[in-house]
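*Asks:* Just need the structure, nothing else, for what follows:
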Amino acid sequence: MAEVKVGDKIPSVIMAEGLQDFGKQEVDIAELIAGKKVAIFGVPGAFTPGCSKSHLPSFIEAQDELKAKGVEMTICIATNDSYVMEAWGRTSGGTAAGIRFLSDSEAGLTKALGLLIDSPMLPRTKRFSLIAEDGVVTHYFSSAEQSSDTWAPAVLSKL
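*Replies:* Sure, this is the predicted structure:
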């Protein structure tokens with residue numbers, strides 16, 4: 001599958017948010033972002049060094065600036081299960097900053113966006129960021145050259 005590009009529509013994919021025993025919800029990402037301007041970023045794995053030290057913190061720190069530029073919601077996705085995503089959001093301060101942490105444990109969105117990393121352990125998401133308005137990608141940031149191309153400052157510079 002070809003990698004996502006500007007003009008593509010975010011597909012309807014069911015993802016998970018929260019803890020199963022404490023209000024875990026199934027979330028259709030297309031429905032969640034309909035009618036909104038959103039920032040979505042994907043990481044290879046929760047709690048991994050680059051994701052925890054650079055990518056996620058850049059979006060935590062940028063929440064006010066993103067909102068000032070019209071971004072109504074920031075979403076982090078990874079192929080980790082919802083327990084891991086909930087814990088990462090809670091312990092990193094990301095959830096408190098207003099970021100939604102969605103589990104793409106079956107890699108449905110990752111595959112649909114053409115961002116699958118084949119791994120012997122489990123499918124992983126290529127590092128990326130995008131802006132979508134009413135479900136349509138308006139800006140796409142790839143990590144093909146540098147991981148930092150997907151961090152919040154790069155996103156903010158194009159808004």
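*Asks:* which regions of the chain lie under the pLDDT threshold?
*Replies:* Scanning the chain for pLDDT under 70 picks out 19-24, 49-50.
*Asks:* And the next helix or strand past the longest helix that the chain contains?
*Replies:* The helix spanning the most residues in the chain, taking DSSP state H as the definition, is helix 82-92. As assigned by DSSP states H and E, the chain's next helix or strand after helix 82-92 is strand 99-103.
*Asks:* And the strands in this structure?
*Replies:* 14-17, 25-28, 37-42, 73-78, 99-103, 116-117, 124-125, 128-133, 136-142 (DSSP state E).
*Asks:* For the longest one, buried residues please.
*Replies:* The neighbour-count check on strand 136-142 (16 or more other CB atoms under 10 Å) flags 137, 140-142 as buried. For glycine as for every other residue, the C-beta is placed from the backbone atoms N, C-alpha and C.
*Asks:* ditto for stretch 58-67
*Replies:* Within stretch 58-67, the residues scored as buried using 16+ other CB under 10 Å are 58-60, 62-63, 66.
*Asks:* Output the strands of the chain as a markdown table; include the columns distance to Val84.
*Replies:* Output for the strands of the chain, formatted as a markdown table (distance: least, CB to CB, whole Å):
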| stretch | distance to Val84 |
| --- | --- |
| strand 14-17 | 11 |
| strand 25-28 | 16 |
| strand 37-42 | 14 |
| strand 73-78 | 8 |
| strand 99-103 | 8 |
| strand 116-117 | 17 |
| strand 124-125 | 13 |
| strand 128-133 | 19 |
| strand 136-142 | 24 |
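*Asks:* Ok, which of these comes nearest Ala87?
*Replies:* Taking CB to CB, strand 99-103 is the member of the strands of the chain nearest to Ala87, at 9.1 Å.
*Asks:* Export only the CA atoms of that closest one, formatted as CSV.
*Replies:* Provided in CSV are the C-alpha atoms of strand 99-103 (Å, rounded to 0.1, in the frame of the first residue of the first chain):
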residue,chain,number,x,y,z
ILE,A,99,-3.5,14.3,24.0
ARG,A,100,-5.7,11.2,23.2
PHE,A,101,-3.8,7.9,23.1
LEU,A,102,-5.3,5.4,20.7
SER,A,103,-4.3,1.8,20.4
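*Asks:* List the buried residues in that strand.
*Replies:* 99-103.
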